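Engineer: Sequence first, predicted coordinates after that:
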Amino acid sequence: TVYPIESEVELITSPSTSITAYNIDSERKTEGIVLGKHGSSVVLEKILPSERLKTGDMIVTSGKDGVNIPGLYIGKVSEVFEDATQPLKSATLQTALDVKRIDRVFVLIKK
């Protein structure tokens, strides 16, 4: 929320965060949903089993959620989770910044 003098922001690690994203390092631009977990980590979920995803791949916003600008860097894949009993894969992301240390942010207003 943006006000004339201040703004309220929600960190990417917030449990209520949900961002559509894709893998810019895969040929097929693997898509998924980035979710904040417990205020301390970020995961990419809802990845089809047939999609390729590996440690080090870069994940960016897709803009398909209508909220975020496409192409904003979210993080790199640090671990991929595949469970034969689950229909979809997930991955933990390492953000570029340690969000626990952020004390100021720059707010962009989409018009």
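Structural biologist: Okay, I see it.
Engineer: going forward, measure contacts and count neighbours with C-alpha atoms only.
Structural biologist: Fine.
Engineer: Same question for residue 29, what's its three-state structure.
Structural biologist: Of the three states, residue 29 takes coil under DSSP: H, G, I helix; E, B strand; the rest coil.
Engineer: In which helix or strand does the most centrally placed residue in the chain reside?
Structural biologist: For the chain, the residue nearest the mean C-alpha position is residue 34 (3.7 Å; Cα atoms, centre = their mean). Element membership for residue 34 (DSSP states H and E) is strand 31-37.
Engineer: about what we covered before: thinking the residue nearest to the centre of the chain is in contact with residue 21, fair?
Structural biologist: Yes. Counting by Cα atoms under 8 Å, residue 34 touches residue 21, with 6.5 Å between them.
Engineer: picking up where we left off before, quick check: bridge partners of the residue nearest to the centre of the chain?
Structural biologist: residue 19, residue 44 (DSSP bridges).
Engineer: Identify the residues contacting stretch 36-51?
Structural biologist: Under the contact criterion Cα atoms under 8 Å, 6 or more residues apart in numbering, stretch 36-51 has outside partners 11-18, 28, 30-35, 82, 87-95, 100.
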